[in-house]
Each structure stands twice: as C-alpha cells, then as structure tokens.
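S.K.: pasting the structure only:
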C-alpha cells in the first residue's frame with residue numbers, strides 16, 4: 001500500500017450556524033443552503049472511490065455524510081465515531097458566537113505569535129481560554145479533547161491498513177465527516193506547514209495523504 005488518502009469534510013451549515021449560535025455537542029439541522037453546498041462537495045468527491053467512511057455521531061455530520069455517500073457508485077457503510085464530535089463547550093453552548101469567541105481563532109493565533117508563544121501551545125491555550133470562561137465548569141479540557149480525537153484517528157488508521165492488506169490496493173481512500181475544531185486542530189498537530197488561522201468552511205473538505213510515516217496536505221477548503 002502506497003498511501004492513505006484522508007478526506008476531512010466539515011458538516012453543512014446548520015440553523016444554529018446561520019443564527020450565529022455556538023453548538024458543540026448540541027445539535028441542529030442542516031439548512032437548505034448547507035445542503036446545497038454538501039451536494040456540491042458530494043459531486044466533487046463522487047469520483048473518489050471511498051474504501052471507508054466515518055462520521056461524528058451528531059446528526060448534522062451524519063446527514064452530511066449520508067448525502068455525500070449517496071453519490072458513490074458503490075455501497076459503503078457510514079460508521080459513527082463519538083471521538084469526532086465537536087469540542088464540548090459545556091456552559092458556553094447555545095450562546096452567541098461573539099460572546100464565546102470575543103476574539104476569533106485567527107486573532108488568538110496572531111496574539112500568540114506576537115508574544116512568541118511556541119505553535120505547539122496554540123491549541124492547548126485556545127481551549128484553556130474557553131475553559132476559563134465557562135462559569136458552569138463543564139467545558140472540555142485539552143487533554144480530554146485531544147485524546148478522543150487521537151484515539152479515533154488511530155483506530156481508523158488501523159482499519160485503513162487492514163483494508164490495504166486485504167485488497168492489496170496501492171491507495172486507500174477514507175472519508176471523515178466532522179466539525180471545525182477537531183479537523184483544524186488535528187491538522188495543526190500533524191502538519192508542520194498548516195496555518196491554524198485557515199478556516200474550513202461549512203461543507204468543504206481537506207485532503208490529507210499519509211505515506212511513509214508522515215502526513216501531507218494536498219488540498220484545503222475545497223468544495
């Protein structure tokens with residue numbers, strides 16, 4: 001097997017997204033606008049014969065994944081993975097985005113760069129900032145957040161290796177439907193060249209190739 005091709009897709013825009021409300025583990029349906037974008041990315045990815053497909057277990061991701069797989073020319077099961085859920089905002093859930101994020105991730109990254117903070121600390125400090133502002137004390141800490149994503153990716157990587165051994169294919173294609181923070185923060189952790197300030201829009205995808213023990217970004221924010 002030469003490589004594993006991971007296609008990370010952010011779910012389609014939801015009603016909470018359109019209303020500028022925070023939704024982590026809470027959920028809301030994908031809007032008509034969101035569905036149109038998802039159908040676009042489904043058309044784009046229709047030529048990619050996926051060997052494996054996974055999704056966060058939240059409805060907005062499951063709906064997105066099902067719409068994408070409808071365009072595949074072969075039957076493929078969509079597995080739900082709790083580890084790919086969005087960050088758990090705890091007491092900050094369902095609040096206005098501007099209240100939860102008085103500074104965007106991009107602005108926070110700029111501040112840390114000015115203060116010469118190592119990039120390895122960006123994600124922990126961003127999450128620490130959220131935890132500190134949750135008066136209910138229920139927001140997810142960095143270790144819990146990262147460990148569940150890492151464990152999910154390791155399990156999927158093992159599945160991809162097994163499929164490669166069974167099929168003897170040179171390349172294995174894996175679809176993963178998730179959310180903004182899990183996708184963006186994972187890419188930041190495994191790709192030295194990835195800029196955490198880069199947004200992944202609703203219904204858009206990132207194509208990452210794993211080969212020879214390293215990840216490489218092929219495409220980002222594509223539809």
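M.R.: Thanks, I have the structure now. Owing to the predicted nature of the structure, the values given are computational and were not obtained by experimental measurement.
S.K.: report all helices and strands that the helix or strand containing residue 36 contacts.
M.R.: Element membership of residue 36 [criterion: DSSP states H and E] is helix 32-45. For helix 32-45, the elements it packs on are strand 3-10, helix 59-69, strand 205-211, judged by 3 or more CB pairs under 8 Å, 6 or more residues apart in numbering; DSSP states H and E. For every residue, glycine as well, the C-beta is placed using N, CA and C.
S.K.: now do 7 Å
M.R.: Here helix 32-45 touches helix 59-69, going by 3 or more CB pairs under 7 Å, 6 or more residues apart in numbering; DSSP states H and E.
S.K.: what residues sit buried inside the helix it packs on?
M.R.: Neighbour-count burial for helix 59-69 flags 60, 61, 62, 63, 64, 65, 67, 68, 69 (criterion: 16 or more other CB atoms under 10 Å).
S.K.: what is the burial count for the closest residue to the first one other than its chain neighbours?
M.R.: Read that as residue 60. Leaving aside its chain neighbours, residue 60 sits nearest to residue 11 (4.5 Å; criterion: CB to CB, 6 or more residues apart in numbering). By the criterion of other CB atoms under 10 Å, residue 11 has 26 neighbours.
S.K.: residue 11 and residue 177 touch, don't they?
M.R.: Yes: using CB atoms under 7 Å, residue 11 is in contact with residue 177, at 6.2 Å.
S.K.: so which strand or helix has the residue minimising distance to the centre of the chain?
M.R.: The centre of the chain sits closest to residue 183, judged by CA atoms, centre = their mean, with a distance of 2.8 Å. Taking DSSP H and E as the criterion, the element that holds residue 183 is helix 180-190.
S.K.: before we move on, back to that, check what pLDDT the residue nearest to the centre of the chain gets.
M.R.: On the pLDDT scale, residue 183 is placed at 98.
S.K.: tell me the one among the buried residues of helix 59-69 nearest to residue 79.
M.R.: For these, the minimum distance to residue 79 (CB to CB) is 9.4 Å, reached by residue 65.
S.K.: what sits up against the helix holding residue 183?
M.R.: Helix 180-190 is contacted by residues 8, 10, 84, 86-87, 122-123, 149, 153, 194, 196, 200, 206, 208, 215 when judged by CB atoms under 7 Å, 6 or more residues apart in numbering.
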